[in-house]
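1. The sequence and its predicted three-dimensional model are supplied below.
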Amino acid sequence: MSNVISIHPYFKVKPGKLDAFKAALPAIVKAVSTEKKCAYFDFTINDDTVYCREAYFGADGVNEHVANVGPLLPTLFAVADLARIEVHGPAAELEKLKTGPLAGLKPVWFTHIDGVKR
């Protein structure tokens, strides 16, 4: 089984703040580009909802990411609300995260049950 953990945050951008939200993204993407345990990280948009598509190798990769981008997140939260956040992965890796820094965001936890691994 894979130890990959994906995080699925959805941001609801405040009225008139989309340009400010987009302006904050390059610094975050640059910071994440240095993370060795990041499998992928990008943003997509639908009207005023922005989704961050991201995954990490193990709970250690997630914790490294949170420590790395944590100082940059207030810029996003000033112009958007976190509408929903999900964390998907194997049970053992999720357990390592449930009392860590992500817990304060109150994510919905999804435990892996089956799939294809390449």
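-> Noted; the coordinates are in hand.
2. So which residue of the chain lies furthest out from the middle?
-> The outermost residue of the chain relative to its centre, with distances by C-alpha atoms, centre = their mean, is G16 at 23.6 Å.
3. Need the three-state assignment for that one.
-> What DSSP: H, G, I helix; E, B strand; the rest coil gives for G16 is coil.
4. give me phi/psi at it?
-> phi 80, psi 10 (degrees, to the nearest 10).
5. Also A39?
-> phi -80, psi -40.
6. And the pLDDT for it?
-> A39 carries a pLDDT value of 97.
7. Over to the one 5 residues further on?
-> T44 is assigned a pLDDT of 98 by the prediction.
8. mind checking how far it is from L94?
-> T44 sits 24 Å away from L94, going by C-beta to C-beta, to the nearest Å. In short, each C-beta sits where N, CA and C put it, glycine included.
9. For those two, indicate the residue with more neighbours.
-> Neighbours were counted for T44 and for L94 using other C-beta atoms under 10 Å; L94 has more, 20 against 9.
10. What are the contacting residues of the helix or strand hosting that one?
-> Assessed by DSSP states H and E, L94 sits inside helix 91-97. Residues from elsewhere that reach helix 91-97, judged by C-beta atoms under 8 Å, 6 or more residues apart in numbering: 3, 5, 58-59, 62-63, 87, 103, 109, 111-112.
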